[in-house]
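Q: give me coordinates for this.
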Amino acid sequence: MTALWQGSFLDANPLYSSDVYAETLGFASRVVSHSLVLNLGLSFSVHDVSQQAIAHLAYIDVKFPEPLYIGDTFRAFSEVLEVKASKSKADRGTVHVRTIGVNQHDAPVLIFERKALIRAGSVEGRPDMPVRTVSQRLRQCYQEAPSVPSDLRSWADKCLPVGQPYLWEDFQEGDVFCHDSGRTVGESEHMMLTTLVRNTHPLHFDHEYCQEHSFKKERIVYGGLVLGWTLAMASWDTGGNALWELGLDNGAHPAPVLAGDTLYAASKVIGTREVNRYCGEVSFRVVGVKNVHPQVLVEGGSELFVAEREKDGTGKTPEKVVEITRNVLVRRRSS
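A: Residues are numbered from 1 along each chain as shown. Modelled structure (predicted):
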């Protein structure tokens, strides 16, 4: 699974592909890609939470407290935080959930919240209480989970040079990167990767279902893949010297992606913070667009890095398919 994921997304971070590099940072071996971990968590929650979802609305406060390794067993639990009926359409509503992913030792490797637009209705024979619940002890553990594995910051001076550009000192607030490489989405490819991470929503692979339930009347590319490709394309300019994915937040999919669309990515530095002599934090606003290079949009005056929900009707960017804030721990230049 991990080899196929790496081959499909081509993330520049050697933490996901090199045992030797990962071990110099204090890890037991290379770690499972954070985008794969997130996609597993999203997909595992589909069957119970969003099998009838119309759309994924938001990524909120995504964290990776501990590494997931090859051979680990991943499990996920979801808790409904809020249910809100639509005021304009009685056949749907918004569900806000928190999902926690753990390894076989119950160590949290993923924590995130999301919102989904879901059809209204009821399930016959629904139990009064969920079959599984998270114990208070585990819930407390997750609430106190760090955003970065313990001791990683102190190991940052020992990692191997990797030949990738852009260390922490090279990023300045306001910098904009329109990443060169694009990625055309294949039809069989996106369906295969969707089932690889066990996403069971028929919107992504059932043509007959989509004829009735998809507003595009065809299969929609699973949003977790769109996010993964966007972050991976951005990594070649911004993530080659990343030590850890500190978090993702304020994310959304303003428009869908279909097979045959070509994705591009752009990033804007929205903040930096020194951590110690070996590493610092960088915050990016990352966007993915389809079928047009972001450089064209920027030069044309598009407010590419402003959230679509904050724009009026005339200022929207219809080509934008994903937007999210990304916080990364990055190596500093050796003194």
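
Q: drop to CA atoms for contacts and neighbour counts, all remaining ones
A: Noted.

Q: which residue ranges of the stretch 201-335 of the chain form helices?
A: Shown for the stretch 201-335 of the chain, the helices assigned by DSSP state H, counting those that start in this stretch span residues 207-213, 223-238, 294-299.

Q: lowest-scoring secondary structure element of this structure by mean pLDDT?
A: Least confident helix or strand of the chain, by mean pLDDT, DSSP states H and E, is helix 152-155 with a mean of 60.

Q: after that helix, next one along is what?
A: Counting by DSSP states H and E, the next helix or strand C-terminal to helix 152-155 is strand 176-178.

Q: got a list of contacts for that following strand?
A: Strand 176-178 is touched from outside by 237, 265-269, 293-295, with contacts defined as Cα atoms under 8 Å, 6 or more residues apart in numbering.

Q: adjacent strands (with direction) for it?
A: Here strand 176-178 is paired, per DSSP bridges, with strand 262-274 (antiparallel).

Q: pull out the buried residues from the strand it pairs with.
A: Within strand 262-274, the residues scored as buried using 16 or more other Cα atoms under 10 Å are 262-272.

Q: could I get those as a markdown table with distance to residue 83 and pLDDT?
A: Shown next, in a markdown table, are the buried residues of strand 262-274 (distance: Cα to Cα, whole Å; pLDDT from 0 to 100):
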| residue | distance to residue 83 | pLDDT |
| --- | --- | --- |
| 262 | 35 | 98 |
| 263 | 33 | 98 |
| 264 | 34 | 98 |
| 265 | 33 | 98 |
| 266 | 34 | 98 |
| 267 | 33 | 98 |
| 268 | 34 | 98 |
| 269 | 34 | 98 |
| 270 | 32 | 98 |
| 271 | 34 | 97 |
| 272 | 36 | 97 |
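
Q: so residue 20, which of the three states?
A: With DSSP: H, G, I helix; E, B strand; the rest coil as the basis, residue 20 sits in helix.

Q: and it, what does it touch?
A: By Cα under 8 Å, 6+ apart, residue 20 lies in contact with 29-30.

Q: likewise for the one 3 residues further on?
A: Taking Cα under 8 Å, 6+ apart as the contact definition, residue 23 lies against 29-30.

Q: so residue 185 touches residue 260, yeah?
A: Yes. Look at residue 185 against residue 260 with Cα atoms under 8 Å: they come within range, at 5.3 Å.

Q: when those two are compared, which one has more neighbours?
A: More crowded of residue 185 and residue 260, by other Cα atoms under 10 Å: residue 185, with 19 against 13.

Q: and the helices of the stretch 201-335 of the chain: which comes nearest residue 79?
A: helix 223-238 (19.8 Å; Cα to Cα).

Q: how about residues contacting the closest one?
A: 9-13, 35-36, 38-39, 42, 56, 164-166, 177, 179, 181-183, 190, 193-194, 253, 256-257, 263-267, 286-288, 321-322.

Q: among those residues, which ones are buried?
A: Neighbour counting by 16+ other Cα under 10 Å classes 9-13, 35-36, 38-39, 42, 56, 164, 166, 177, 179, 182-183, 190, 193-194, 253, 256-257, 263-267, 286-288, 321-322 among the contacts of helix 223-238 as buried.

Q: which intervals of the protein have sub-threshold pLDDT?
A: Scanning the chain with the threshold set as pLDDT under 70 gives 121-135, 137-147, 150-161, 163, 335.

Q: mind listing the strands for it?
A: Under the criterion DSSP state E, the chain contains strands at 53-63, 75-85, 92-102, 108-119, 176-178, 183-184, 242-252, 262-274, 279-290, 320-331.

Q: export those to CSV and tack on distance to residue 136?
A: Converted to CSV, these look like this (distance: least, Cα to Cα, whole Å):
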stretch, distance to residue 136
strand 53-63, 20
strand 75-85, 13
strand 92-102, 13
strand 108-119, 14
strand 176-178, 44
strand 183-184, 44
strand 242-252, 24
strand 262-274, 34
strand 279-290, 32
strand 320-331, 29
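
Q: go through these and name the closest to residue 69.
A: The nearest among those, by Cα to Cα, is strand 108-119 at 9.9 Å.

Q: and that closest one, what does it pack onto?
A: helix 34-44, strand 53-63, strand 92-102 (3 or more Cα pairs under 8 Å, 6 or more residues apart in numbering; DSSP states H and E).

Q: ok, residues contacting the first one?
A: What it means is helix 34-44. With Cα under 8 Å, 6+ apart as the test, helix 34-44 has contacts from 2, 5, 64, 68, 75-76, 99-101, 109-110, 197-200, 224-225, 228, 245.

Q: show me how far it is from its chain's centre.
A: 8 Å (Cα atoms, centre = their mean, to the nearest Å).

Q: kindly export it (C-alpha atoms) in CSV.
A: Extracted C-alpha coordinates of helix 34-44, given in CSV (Å, rounded to 0.1, in the frame of the first residue of the first chain):
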residue,chain,number,x,y,z
HIS,A,34,0.8,11.8,6.3
SER,A,35,-1.5,12.1,3.3
LEU,A,36,-2.1,8.4,3.4
VAL,A,37,-2.8,8.4,7.1
LEU,A,38,-5.3,11.2,6.6
ASN,A,39,-7.0,9.4,3.7
LEU,A,40,-7.3,6.2,5.8
GLY,A,41,-8.9,8.2,8.6
LEU,A,42,-11.3,9.9,6.2
SER,A,43,-12.2,6.7,4.4
PHE,A,44,-12.7,4.6,7.6
